[in-house]
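Participant: with the sequence up front, the predicted model follows.
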Amino acid sequence: MHLPSPSTLASWEAVVIVAGLFGLVCWKMITGEISLDCLFEGDGKDDTGNPASYTSAGRVQAFGATLYIALYYIVQFAHDPKEFPAIPNWMVVTLAGSHAIYLGGKAQDMLQGRLRDFLK
Amino acid sequence: MKSIEFVISIVFTIGVAFVIALWVPGTPAEKLKLAFEYGMLILLFLFALLVLAAIASGKIDIGQLLSEHGGGASMARFQLLIFTFVIGLSFCLIVVCECKFPDVPNSVLALLGISATTYGVSKGIQAGSDSPPKGGAPDNTTTTGS
């Protein structure tokens, strides 16, 4: 009886489980069970203190940067699946900057009410 | 042991371990070692499949996976999910191709670090604010997150 080695079996099991979970999450996103509503909506408030509905530029650019870098990573990995792809420094810095802008916008939107109250 | 799937997994694992112990050539000590190794691998795999099946059937609800406190999807959770899956899956595939633990470059670690830090900071900002629910319908979860 020929059996694959335990390490080979374990690595294939890991691939099946992670890919299965990824597929499930994607499927639930497509069918709407995992809601993506308001993904681009900002956290600001109107003059009455209620949530304002508007598209946040910070969220849109963070989404774009995330998708671009994830796709770049996948394409590079597909070319040579035997090692992690090299990600240029400028790309890491761009991602950090993009997320800093997103977080700055979020902090400004969400904490400005508290700051206003504090300064009164 | 309420779940029949759980019992079936254990019985199947014991059966496979018996088959390996009986029919694989080698000394008794080697057979025992192989039976234990394969048994544990199969048991873990079956448990993971049970979890996946429960998620697929809705018994485990992951509908709020990307939702932040007060409703609406969170960009921080979304980007962390994307990077975790992309890097995790590539890690598993490299292990399959090379049969060794791969060297993880600093740039990939930095990518994951930035992503996870963004999630953490976003959650902190959300927890520190007194913002009312976004997107109309408030949810009744007690967790905060973004």
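Facilitator: Sure, I can see it. Since we're looking at a predicted model, the values are computed, not measured.
Participant: per-residue confidence for residue 54?
Facilitator: Unless you meant another one, I'm taking chain A. Residue A:54 is assigned 82 on the pLDDT scale.
Participant: to clarify, I was referring to chain B.
Facilitator: 94.
Participant: middle-most residue in chain B, spatially?
Facilitator: residue B:48 (8.4 Å; CA atoms, centre = their mean).
Participant: in space, what's closest to that residue - neighbours in sequence excluded?
Facilitator: Distance criterion CB to CB, 6 or more residues apart in numbering or on different chains; nearest residue to residue B:48, sequence neighbours excluded, is residue A:17 at 4.6 Å. Heads up, the C-betas are built off the backbone N, CA and C, glycines and all.
Participant: and if you look at residue B:43?
Facilitator: Nearest non-adjacent residue to residue B:43 (CB to CB, 6+ apart): residue B:13, at 4.4 Å.
Participant: assess the claim that that neighbour and residue B:44 are in contact.
Facilitator: No: Residue B:13 lies out of contact with residue B:44 (CB atoms under 8 Å); the separation is 9.4 Å.
Participant: so if I had to pick from the two, which one is more boxed in?
Facilitator: Each of residue B:13 and residue B:44 has its neighbours counted (other CB atoms under 10 Å in any protein chain shown); residue B:13 has more, 20 against 16.
Participant: how about whichever strand or helix holds residue B:81: buried residues?
Facilitator: Assigned by DSSP states H and E, residue B:81 falls within helix B:75-98. Buried residues in helix B:75-98, counting neighbours by 16 or more other CB atoms under 10 Å in any protein chain shown, are found at B:75-96.
Participant: now stretch B:26-37
Facilitator: For stretch B:26-37, the buried set under the neighbour-count rule, 16+ other CB under 10 Å, comprises B:31, B:34-35, B:37.
Participant: ok, the residues you listed vs residue A:44, which is closest?
Facilitator: Distance to residue A:44 across those (CB to CB) is lowest for residue B:37, with 56.4 Å.
Participant: which helix runs longest in the chain?
Facilitator: In the absence of a named chain, this looks at chain A. helix A:89-119 (DSSP state H).
Participant: nope, chain B
Facilitator: helix B:28-57.
Participant: thinking again about what came up before, surely the residue nearest to residue B:48 and residue B:46 touch.
Facilitator: No: using CB under 8 Å, residue A:17 is not in contact with residue B:46; the gap is 10.8 Å.
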